[in-house]
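**Student:** have a look at this fold, sequence not included:
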């Protein structure tokens, strides 16, 4: 029996047993030619974030259906502070992850050509925590390798406060 068929058979058997006990469980297994590719990394402070305890993580899911989902969870931000984040085309250690990832390198520096979790500025809550997510209608290429958090209260030349390498 093929691997996917075994998984479906086990899920169906488990759902039947649970169903007989009075609970309802819905299980769906989706088979595709290519599974989603998930990369994730921990946020670490950049020079502009020195002195703050910025932490959190970023995750990128390149789906089998041809989209890219990027989520970001950040702690240690200024309460009520305005931030932005972008997928970058260089690792955190290379030129401070210089350069936004663009689907079309000659295209505009805005979505939908770039991937911006939160689709623009987002605000940290009273505890200095922010979450952002976006779904791009394309599969990010192999040069989409990091997510950078920018503090919009700082000058644009020095506002990168944290970065996560997606690996």
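**Tutor:** Alright, I've got the coordinates. Everything numeric here is computed off the predicted structure, so don't read it as measured data.
**Student:** walk me through the domains of this structure.
**Tutor:** Domain ranges of the chain: 1-31, 32-165, per automatic domain parsing.
**Student:** chain center to the longest one: distance?
**Tutor:** Domain 32-165 has its C-alpha centroid displaced from the chain centroid by 7 Å (CA atoms, centre = their mean, to the nearest Å).
**Student:** can you redo the domains of the chain as a markdown table with mean pLDDT and mean neighbour count?
**Tutor:** Heads up, the C-betas are built off the backbone N, CA and C, glycines and all. Conversion of those to a markdown table gives the following (pLDDT from 0 to 100; neighbours: other CB atoms under 10 Å):
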| stretch | mean pLDDT | mean neighbour count |
| --- | --- | --- |
| domain 1-31 | 33 | 10 |
| domain 32-165 | 90 | 17 |
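**Student:** contacts only, for the residue lying closest to residue 39 once chain neighbours are set aside.
**Tutor:** Spatially, and ignoring its direct neighbours in sequence, residue 39 is nearest to residue 166 (3.9 Å; CB to CB, 6 or more residues apart in numbering). Under the criterion of CB atoms under 8 Å, 6 or more residues apart in numbering, the contact partners of residue 166 comprise 39-41, 58-60, 144-147.
**Student:** cool, thanks, signing off.
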